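Enquirer: have a look at this prediction, sequence included:
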Amino acid sequence: MTASSQTFGQTMTTVPRVVTDQDRRLIAAAFHEYDSGQKGYLNREDVKVATVSLFGYKPSKFEVDQVFKNAKEVNGEHVLELDPFIKVMSSKMAAQDKDEEIRQVFLAFDTHCRGFLTLDDLLRAGSLVAPHIPRHRMEAAFREVDSDGDSRVSYRDFEYMMKYSLDDRM
């Protein structure tokens, strides 16, 4: 199954991400972490917090309503048990577009909307999200990603860096 979307006049096809056993374990761990009192289910608030933990954003009321559409009722409250929670969150995880996430991160770094990143952009973002990383390490990382040495990191370089894996070297 694929999905199509329009971006800058081009049609892009995204292939749903494969949800691994490790992903399912992560989802189950989030369930257990937010199942306060170990009651065996999550209520609406628990699901919202678990979603923030797993995906980094607070779900809309509509999204939460969809999650609880066929949920079980306990004491007059709709709740989600472990297996349905894993199923719903796996589906959500499979639908994630990693390329879109990378584009959003790039745009967050590119505060001047120039289409490239400078060392100052990286240092500014780094000071906000990782102030413990020394400046010389940030500079070294920037030089490594700046493949053509023009003191600018293009989107292509940024995307390559974000998708790079240590496994790629072997």
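Expert: Ah, there it is. This structure is a prediction, so every number in the text was calculated from the model and none was measured.
Enquirer: residue nearest the centroid of the chain?
Expert: In the chain, the centroid-proximal residue (C-alpha atoms, centre = their mean) is Phe55; its distance is 5.1 Å.
Enquirer: so it makes contact with Lys92?
Expert: Yes: assessed by C-beta atoms under 8 Å, Phe55 is found in contact with Lys92 at 7.0 Å. Every residue, glycine included, has its C-beta placed from N, CA and C.
Enquirer: how about the residue nearest to the centre of the chain, what does it touch?
Expert: Applying C-beta atoms under 8 Å, 6 or more residues apart in numbering to Phe55 gives the contacts Lys92, Met93, Gln96.
Enquirer: mind checking which of those are buried?
Expert: Neighbour-count burial (16 or more other C-beta atoms under 10 Å) is assigned, among these, to Lys92, Met93.
Enquirer: distance to Lys48, secondary structure and pLDDT added to the contacts of Phe55, as JSON lines?
Expert: Below are these laid out as JSON lines (distance: C-beta to C-beta, whole Å; DSSP: H, G, I helix; E, B strand; the rest coil; pLDDT from 0 to 100):
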{"residue": "Lys92", "distance to Lys48": "13", "secondary structure": "helix", "pLDDT": "88"}
{"residue": "Met93", "distance to Lys48": "17", "secondary structure": "helix", "pLDDT": "86"}
{"residue": "Gln96", "distance to Lys48": "18", "secondary structure": "coil", "pLDDT": "76"}
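Enquirer: let me know the closest of the contacts of Phe55 to Val105.
Expert: Checking the contacts of Phe55 against Val105 by C-beta to C-beta gives Gln96 as the nearest, at 13.4 Å.
Enquirer: which ones are touching that closest one?
Expert: Arg17, Phe55.
Enquirer: and Asp83, that's in a helix?
Expert: Yes: with DSSP: H, G, I helix; E, B strand; the rest coil as the criterion, Asp83 is located in a helix.
Enquirer: is it true that Gly40 touches Leu82?
Expert: Yes: using C-beta under 8 Å, Gly40 is in contact with Leu82, at 7.3 Å.
Enquirer: between the two, which one's more packed in?
Expert: Set side by side, Gly40 and Leu82 show more neighbours around Leu82, with 15 against 11, by other C-beta atoms under 10 Å.
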